[in-house]
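>>> I'd like to go over a predicted model; first the sequence, then the structure.
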Amino acid sequence: MKVAVIGGGAAGFFSAIHAKENHPHATVYILEKTSKVLAKVKISGGGRCNVTNACTSIKELVAAYPRGGKFLKPLLTQFSTSETRDWFESRGVPLMVQEDQCIFPVSQDSQSIIDCLFSEVNRLGVEIKYKCPVKKIKKQGEEFYLSIAKEIDPFIVDKVIVATGGSPKLSGLDWLRELGHTIEHPVPSLFTFNMPEEYITTLMGVVVNPAKVSIQGTKLSSDGPLLITHWGMSGPAILKMSSIGARIMSELEYTCIAQVNWVNIKSNEQVADNIKGIINKHPKKQLSNIRPYELPNRLWSYLIARTKLTDEKPWGELGKKGINAITRVLCNDEYQVNGKTTFKEEFVTCGGVSLSSINSKTMESTVVPGLYFTGEVMDIDGITGGYNFQAAWTTAYFAGKLG
């Protein structure tokens, strides 16, 4: 049996490894369209590779996937985050858990993961073919004919695993649509917000944890750490929002009003009462000397200016109008979003091959027997925190069974 794995990314390598382990006598090829493999693994997590997440609750894991959670649920009961950790650590890659539950190699270097995957591929005898872009797949009888280039004869195999990753354009999935698969229109996910006209960008580097962000006119909201950048806002609160609301943000053309609750407290009355408590205890103190909810100094000074008050104003002289102004800026601050920026060059898409075209137990195509899918080419994507890699490891594990 000959097996072609199309795509030399994380899902491609992992499925090729398992295909060879499950079928030792098969010849397994990884066909990579470029001259490099595992490029996304290399840059992920700022070059450290967020391998997976420490979460072991299936219910919580499923909730981390805005698209594909229900599809993954039965698969995660058999190959989940614990199995991923065991797999890498048993192959000489010690892992560590951060406070935010993200898991990285102890080396803090994605090369450790790359070296491990290469080591397994070499040990098993999986062959990597570079600069082999598959343009078209044709099935004749039980064999697949893969068109690589005009001057190269078709690559003939018995089984195919598609691990090409997300496509930024619908046209990039035409070759799979032509085979009869339903395609969900791809749009970006996991991106940061651009705020070119907002002065808050001068506070770049400031982190508020936790904050809550909502998109005006929608039901979208998320909370967590929020990072102010020189172009706008980022951090888990924003990235989670961009993942959950990927399609809505696309429809809005990435232009909207972001409402920020800097203290992540729903009740305005509760925040107002806290401010009144400060006034009663420290009426003569200046606004700049006491930071509600221990907000960062630079942000608090900025928010005071947003209310048109001054740092030197005594708390006791705020009055009802001043209390309302501070409450409003803490609970419902508004910023104009105009555009998005890809998070750390890590491209993630919402969309891809519809899960209705895939057997949820085997990853096999429901319209082309012998063809399997794994990773981001499917309409599965998660929030930030190692969940997208986990989806790749899990689906690749099952695709590698080849039925």
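That came in fine, so what should we check first?
>>> can I see the domain layout of the chain?
2-187+346-399, 191-345 (automatic domain parsing).
>>> among those, which is the most enclosed?
Comparing the domains of the chain by mean neighbour count (mean count of other CB atoms under 10 Å), domain 2-187+346-399 ranks first with a mean of 19. C-beta: built from backbone N, CA, C; applies to glycine.
>>> okay, how far is it across it, tip to tip?
15 Å (CA to CA, to the nearest Å).
>>> Now do the helices in the stretch 151-300 of the chain.
174-177, 236-244, 246-251, 268-281, 297-306 (DSSP state H, counting those that start in this stretch).
>>> okay if I get the ones you listed as a markdown table plus distance to residue 20 and mean pLDDT?
Shown next, in a markdown table, are those (distance: least, CB to CB, whole Å; pLDDT from 0 to 100):
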| stretch | distance to residue 20 | mean pLDDT |
| --- | --- | --- |
| helix 174-177 | 24 | 96 |
| helix 236-244 | 33 | 95 |
| helix 246-251 | 35 | 96 |
| helix 268-281 | 59 | 97 |
| helix 297-306 | 53 | 98 |
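>>> Contact partners for the closest residue to residue 232 other than its chain neighbours?
In space, not counting the residues next to it along the chain, residue 232 is nearest to residue 195; the distance is 3.7 Å by CB to CB, 6 or more residues apart in numbering. With contacts taken as CB atoms under 8 Å, 6 or more residues apart in numbering, residue 195 has the following neighbours: 201, 231, 232, 233, 258, 335, 336, 337, 338.
>>> quick one: residue 195 and residue 246, what's the gap?
Computed as CB to CB, to the nearest Å, the residue 195 to residue 246 distance reads 19 Å.
>>> Run through the stretch 51-200 of the chain and note the low-pLDDT ranges.
Residues of the stretch 51-200 of the chain meeting the criterion pLDDT under 70: 150-151.
>>> Test of understanding: give the bridge partners of residue 52.
residue 103 (DSSP bridges).
>>> just to revisit the earlier point, just the closest of the contacts of residue 195 to residue 101, please.
residue 233 (22.2 Å; CB to CB).
>>> hang on, isn't residue 200 packed against residue 302?
Yes - with contacts counted by CB atoms under 8 Å, residue 200 reaches residue 302, the gap being 6.7 Å.
>>> Which residue is the nearest non-sequential neighbour of the residue of the chain positioned farthest from its centre?
Distance from the C-alpha centroid of the chain peaks at residue 284, with 47.6 Å (CA atoms, centre = their mean). Sequence neighbours aside, residue 314 is the residue nearest to residue 284 in space, at 5.5 Å (criterion: CB to CB, 6+ apart).
>>> State the distance from that neighbour to residue 288.
In terms of CB to CB, residue 314 sits 11 Å off from residue 288.
>>> Kindly report the same for residue 221.
Applying CB to CB to residue 221 and residue 288 gives a distance of 30 Å.
>>> now do residue 387
Counting by CB to CB, the gap from residue 387 to residue 288 is 41 Å.
>>> Please apply the same query to residue 15.
57 Å.
>>> Just the pLDDT at residue 342, thanks.
If you check residue 342, the pLDDT there is 84.
>>> So what sits opposite it in the bridge?
For residue 342, the beta-bridge partners are residue 191 (DSSP bridges).
>>> who's in contact with it?
Neighbouring residues of residue 342 by CB under 8 Å, 6+ apart: 188, 191, 192.
>>> repeat that for 10 Å
Contact analysis of residue 342 by CB atoms under 10 Å, 6 or more residues apart in numbering lists 188, 190, 191, 192, 348.
>>> try residue 156
2, 4, 140, 143, 144, 145, 146.
>>> cutoff 7 Å now
143, 145 (CB atoms under 7 Å, 6 or more residues apart in numbering).
>>> and the gap between it and residue 140?
9 Å.
>>> What segments of the stretch 151-300 of the chain are strands?
155-157, 159-162, 183-189, 191-194, 207-215, 221-228, 232-234, 255-261 (DSSP state E, counting those that start in this stretch).
>>> make that the stretch 1-150 of the chain, sorry
Along the stretch 1-150 of the chain, the segments classed as strands by DSSP E, counting those that start in this stretch run 2-6, 27-31, 52-53, 95-97, 102-105, 127-129, 136-140, 143-147.
>>> per-residue confidence at the residue nearest to residue 110 when sequence neighbours are not counted?
Distances taken as CB to CB, 6+ apart place residue 49 nearest to residue 110, at 3.5 Å, with adjacent residues excluded. pLDDT for residue 49: 96.
>>> isn't residue 49 right up against residue 103?
No - the criterion here is CB atoms under 7 Å, and residue 49 misses it with residue 103 at 9.4 Å.
>>> Next, the contact list for the residue nearest to residue 285 when sequence neighbours are not counted, please.
Nearest residue to residue 285, sequence neighbours excluded (CB to CB, 6+ apart): residue 315, at 5.5 Å. When contacts are counted by CB under 7 Å, 6+ apart, residue 315 is found next to 278, 279, 282, 283, 285, 287, 290.
>>> re the thing from before, list just the nearest of the contacts of residue 195 to residue 320.
residue 335 (26.1 Å).
>>> For that closest one, which residues are in contact?
So residue 335 contacts 195, 198, 200, 258, 260 (CB under 7 Å, 6+ apart).
>>> hang on, it in a strand?
Yes - counting by DSSP: H, G, I helix; E, B strand; the rest coil, residue 335 falls inside a strand.
>>> do you know how far it is from residue 294?
To residue 294, residue 335 is 22 Å away according to CB to CB.
>>> which residues does the residue lying closest to residue 10 once chain neighbours are set aside contact?
Leaving aside its sequence neighbours, residue 10 sits nearest to residue 392 (CB to CB, 6+ apart; 4.7 Å). Listed by CB under 7 Å, 6+ apart, the contact set of residue 392 reads 10, 11, 14, 374, 375.
>>> No further queries at this time; thank you.
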